[in-house]
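Undergrad: mind looking at a prediction? Sequence and model below.
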Amino acid sequence: EVQLQASGGGLVQAGGSLRLSCVASGFTFDDHAIGWFRQAPGKEREGVSCISANNGKIYYGDSVKGRFTISSDNAKGTVSLQMSSLKPEDTAIYYCNTFYRLRAWWGQGTQVTVSS
């Protein structure tokens with residue numbers, strides 16, 4: 001069974017940093033992309049960043065470009081999201097995601113709260 005375990009969220013002041021991790025299992029990690037999404041209260045889920053474990057291609061949403069860095073460790077089956085220069089508008093629940101066997105799989109989410 002596919003499992004995605006997100007961790008690393010917390011409370012941080014504006015301008016601070018956090019590092020999120022997603023541990024993936026139940027599928028061939030090297031053949032898939034892992035993405036980070038976030039959802040703030042009252043807002044739709046938003047794509048933050050994505051990395052292909054196969055070819056290393058990376059995507060960043062416009063709102064996080066230059067502040068967030070995604071990376072993968074294929075040997076450990078993990079994807080990390082280093083978040084810097086955090087802003088209050090980055091406050092959300094962050095989820096990791098993959099698409100496998102014709103469906104999307106989601107982790108349980110980790111809360112990130114940025115205080116002003």
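TA: Sure, I can see it.
Undergrad: ok, the residue positioned nearest the centre of the chain - contacts?
TA: The centre of the chain sits closest to Trp36, judged by CA atoms, centre = their mean, with a distance of 2.8 Å. By CB atoms under 8 Å, 6 or more residues apart in numbering, Trp36 lies in contact with 20, 22, 47-50, 70, 79, 81, 94-97. The C-beta positions use only the backbone N, C-alpha and C, and glycine is treated the same way.
Undergrad: and those residues, which is closest to Phe29?
TA: Val79 (9.0 Å; CB to CB).
Undergrad: which element is the closest one on?
TA: Element membership for Val79 (DSSP states H and E) is strand 78-83.
Undergrad: skip the chain neighbours and tell me the closest residue to Glu46.
TA: Leaving aside its chain neighbours, Glu46 sits nearest to Arg38 (5.5 Å; criterion: CB to CB, 6 or more residues apart in numbering).
Undergrad: oh sorry, the question was meant for Phe27
TA: Tyr100 (4.8 Å).
Undergrad: surely that neighbour touches Ala33?
TA: No. Taking contacts as CB atoms under 8 Å, Tyr100 lies outside contact range of Ala33: 10.0 Å.
Undergrad: compare the two (neighbour count), which wins?
TA: Ala33 (19 against 15; other CB atoms under 10 Å).
Undergrad: tell me the bridge partners for that one.
TA: Legend: beta-bridge partners of Ala33 under DSSP bridges are Ser52.
Undergrad: just to revisit the earlier point, pretty sure the residue nearest to Glu46 sits against Ser49.
TA: No. If you go by CB under 8 Å, Arg38 and Ser49 don't touch, sitting 9.8 Å apart.
Undergrad: where exactly do the strands run in the protein?
TA: Secondary structure of the chain by DSSP state E: the strands cover 3-7, 10-13, 18-25, 33-39, 46-52, 58-60, 68-73, 78-83, 92-100, 103-106, 110-115.
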